[in-house]
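Asks: Need a 3D model of the following:
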Amino acid sequence: MKISFAPPYIDQLVIDEVMDTLNSGWITTGPKVAILEHQMKQLTASDAAVCVNSWTSGAILMLKWFGIKEGDEVIIPAYTYCATALSVLHCGATPVMVDVDDDCCISTTAVLKAITPKTKAIIAVDIAGWPCNYKELKAIINTPEIKKLFIAETAKQKALNRILLIADAAHSIGATIDELPASKYSDVSIFSFHAVKNITTAEGGCICINLPPAFDANNEYRYLKLYTLNGQSKDAFTKSNGGGWKYDILFMGLKINMPDICAAIGIGQLKTYHAKLLPLRKRIASIYCEIFKEMDWFIEPALKRDNRESSYHLFALRIKGISEAQRDQIIDSIMSSEITVNVHFTPLPMLTLFKDLGYEIGKYPSAYALYANEISLPIYPQLTDGELIFIIKTVINSVNKVLQLDNFKELEEIEL
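Replies: Numbering: from 1, shown residues only. Below is the predicted model:
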């Protein structure tokens, strides 16, 4: 039985949306992108939503929007994908890496210690779909002593008058805090629609903003849309529909717009996300937890607690007491049965680019410990019960083999 790690969910709704776009004669940014933005605004309860061609470009855009430049600092966790740090570097600023807590979220204690007069933003990362403690982060950046440290240099910075809180929500579409969309609790949430995400557009992302009243959401939306199209005053769809051929370049923008052909995939998937796709992911996570909790070596991931709930993007299996080398042996054993698994993530200081920049993994013990015993298991709506049982059996047998333990539960007795 061959099981993929994260194939895209493509049903007839998605196919119909894509074919509608192809038959319309318009495939680049146009009406489908507008529909997807409206869907995202509703799903996240945000003031505005702007679709882009990737999470990374969305993060670069928002850092540039806030005026972040060389000499500025942005606090990020050491335990994340490289794009979190690369977006900061692309703006000329310095990523200030801090360690994470046991739930993989950025350590609020470490954040507080890392803030300096150079700090312009914090990017908190929702690993595996689990939302960070944005309430506590917001409380920190609104503390009078911390606000006094903030040096506003641009119009946007003066309007906010404090550190910008960005949620790296690449994994967390559908995650909640106090039963509300988690995106309500940060200034900016940036989602990824990469092919392996809960909702995909093949490649793409979406910026959702929930800024204070000093900002007009409609004005910011229009400005950001211009920014995604090189700062051009008139987009191609407007020109093609009688808007006239003349245009202007108002400022030095980026070319990071999402095309309609990509948006169509996301539109189709979002139609059933809360009713079908997200509940199926939650069911699979619950089954994994229910069975693995019988194993002494199982460390249960953060999924639903403290008024927070995950989007169930990844199932991060953690195995108590193992070394990185043992983890790798377990992965090799699992994959020998044609089950594809993954690891999320290699901490940034372990990667060549960041080692060359002077970051040292020894300074981030929690990030390393989480990485060393983690295996990401398949979790997606198409998984059948038979495939789930096969994955679970294989994982348990592989762990017990490497740890030289005996099975103590017959999986055939478990009903899914």
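Asks: can you point me to the longest strand in the protein?
Replies: Criterion DSSP state E: the longest strand present in the chain is strand 119-125.
Asks: Next secondary structure after the helix or strand bottoming out on mean pLDDT in the chain?
Replies: Counting by mean pLDDT, DSSP states H and E, the chain has its least confident helix or strand at helix 236-238, which shows a mean of 73. Using DSSP states H and E, the helix or strand that follows helix 236-238 towards the C-terminus is helix 260-270.
Asks: Next, the closest residue to I256 other than its chain neighbours: phi, psi?
Replies: Distances taken as Cβ to Cβ, 6 or more residues apart in numbering put S57 closest to I256, at 3.8 Å, once the chain neighbours are dropped. All C-beta spots, glycine's among them, are computed from the backbone N, C-alpha and C. With angles defined as degrees, to the nearest 10, S57 sits at phi -70, psi -30.
Asks: Report the contact partners of S57.
Replies: 205, 254, 256 (Cβ atoms under 8 Å, 6 or more residues apart in numbering).
Asks: same thing with A121?
Replies: Per Cβ under 8 Å, 6+ apart, neighbours of A121: 63, 66, 68, 74-75, 163-166.
Asks: Is it possible to get a markdown table of the residues you listed that adds neighbour count and distance to Q329?
Replies: Output for those, formatted as a markdown table (neighbours: other Cβ atoms under 10 Å; distance: Cβ to Cβ, whole Å):
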| residue | neighbour count | distance to Q329 |
| --- | --- | --- |
| L63 | 25 | 40 |
| F66 | 22 | 45 |
| I68 | 25 | 43 |
| V74 | 27 | 37 |
| I75 | 26 | 35 |
| I163 | 27 | 43 |
| L164 | 25 | 43 |
| L165 | 23 | 40 |
| I166 | 26 | 38 |
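Asks: Check the offset of the longest helix that the chain contains from the chain's centre.
Replies: Assignment by DSSP state H gives helix 385-403 as the longest helix of the chain. Averaging C-alpha positions (Cα atoms, centre = their mean, to the nearest Å) puts helix 385-403 28 Å from its chain's average.
Asks: From A202, how far out is T28?
Replies: 14 Å (Cβ to Cβ, to the nearest Å).
Asks: any idea what the residue nearest the centre of the chain is structurally, helix, strand or coil?
Replies: Note on the chain: the residue nearest the mean C-alpha position is A170, at 1.5 Å, using Cα atoms, centre = their mean. Of the three states, A170 takes coil according to DSSP: H, G, I helix; E, B strand; the rest coil.
Asks: can you pull the contacts of it?
Replies: Contacts for A170 (Cβ under 8 Å, 6+ apart) come out as 55, 81, 83, 125-126, 190-192, 194, 197, 205.
Asks: if we go to 7 Å?
Replies: By Cβ atoms under 7 Å, 6 or more residues apart in numbering, A170 lies in contact with 55, 191-192.
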